[in-house]
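[1] What follows is a predicted protein model with its sequence.
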Amino acid sequence: MSTEQQKHERRNNRRKGRSLQRQRALDVLYEADVRGTGEDLPQLLAERIQISPAQQPIQEYGQLIVSTYSEWADDVDSMIEAASPQWALSRMSVVDRSLLRIGATELMYLDVPVAIVVKEITSLVRDFSTDKAVGFTMGVLNRIAEIRSAETAGL
C-alpha cells in the first residue's frame, strides 16, 4: 500500500458518523464541480449512493447535505460570495469552494451550530487543502454565521 493510500485510510478510519458523511458530501460536490455537472447534482448523488461496496457509502446525512445544497445552490453561493467579497467563488480552489458550500449549507438550512460547522469543515480543510485555507475558511464561515444572525434578528 502506498503512502498516499495509507494516509487516505487513516483519514477515513478517523472519521465516523456525520464527520464521515461531510467527507462523502465533499467527494460528490468536488466531483460535480470538476466535471462541470452542477445541474445534474441529484443524478450524480444517485450514482454515488449506488457506488461499489469497497467505498464508504454516502448515507442519509451526506445525502441531505448534497440535496439541500443542490436545491439552494444559488443562495448558498451568493452567501459565500457576500461573506468573502475579496474572493469570488471562481478564484477559490475546488476543494475550498466545495467545503464552503457544505459549511454554508449546514449553517443556512440544516441548523447546525456554528462551532460544530467551523470545527468540522476546518478539519476537512486541514486534510484536503492548504494551511492558508484554514484561516480563510474559518473567516468565511464565521462571517456567514454573522450575516445569518443579523438576518434572523431583523437587522
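    Thanks, I have it.
[2] list the buried ones in the helix or strand residue 96 falls within?
    Per DSSP states H and E: residue 96 is located in helix 94-109. Neighbour-count burial for helix 94-109, counted by 16 or more other C-beta atoms under 10 Å, picks out 95-109. From N, CA and C alone the C-beta is placed, and that goes for glycine too.
[3] One more: stretch 63-76?
    So stretch 63-76, judged by 16+ other C-beta under 10 Å, has buried residues 63-66, 68-70, 72-73, 76.
[4] so where is this structure shaky, pLDDT-wise?
    1-15, 38-39, 52-55, 155 (pLDDT under 70).
[5] so where do the helices sit in it?
    3-14, 17-35, 41-49, 60-83, 94-109, 114-128, 131-152 (DSSP state H).
[6] Out of these, which is the most enclosed?
    helix 94-109 (a mean of 24; mean count of other C-beta atoms under 10 Å).
[7] List the contacts of it.
    The contact list for helix 94-109, computed with C-beta atoms under 8 Å, 6 or more residues apart in numbering, reads 22, 25-26, 29-30, 33-34, 65, 68-69, 72-73, 75-77, 79-80, 83, 89, 92, 112, 114, 117-118, 120-121, 124-125, 128-129, 133, 136-137, 140-141, 144-145, 148.
[8] circling back: and the buried residues of stretch 63-76, which two are furthest apart?
    63 and 76 (16.4 Å; C-beta to C-beta).
[9] Residue 109 and residue 130, how far apart?
    28 Å (C-beta to C-beta, to the nearest Å).
[10] ok, now residue 71?
    Separation of residue 71 from residue 130 (C-beta to C-beta) stands at 30 Å.
[11] and what of residue 88?
    18 Å.
[12] ok, now residue 137?
    Using C-beta to C-beta, we find residue 137 at a distance of 10 Å from residue 130.
[13] can you tell me which residues contact residue 41?
    28-29, 32, 66, 69-70, 73.
[14] Report the separation between residue 111 and residue 132.
    30 Å.
[15] Then residue 62?
    Counting by C-beta to C-beta, the gap from residue 62 to residue 132 is 27 Å.
[16] repeat for residue 93
    From residue 93 to residue 132 the distance is 10 Å (C-beta to C-beta).
[17] Next: residue 100.
    14 Å.
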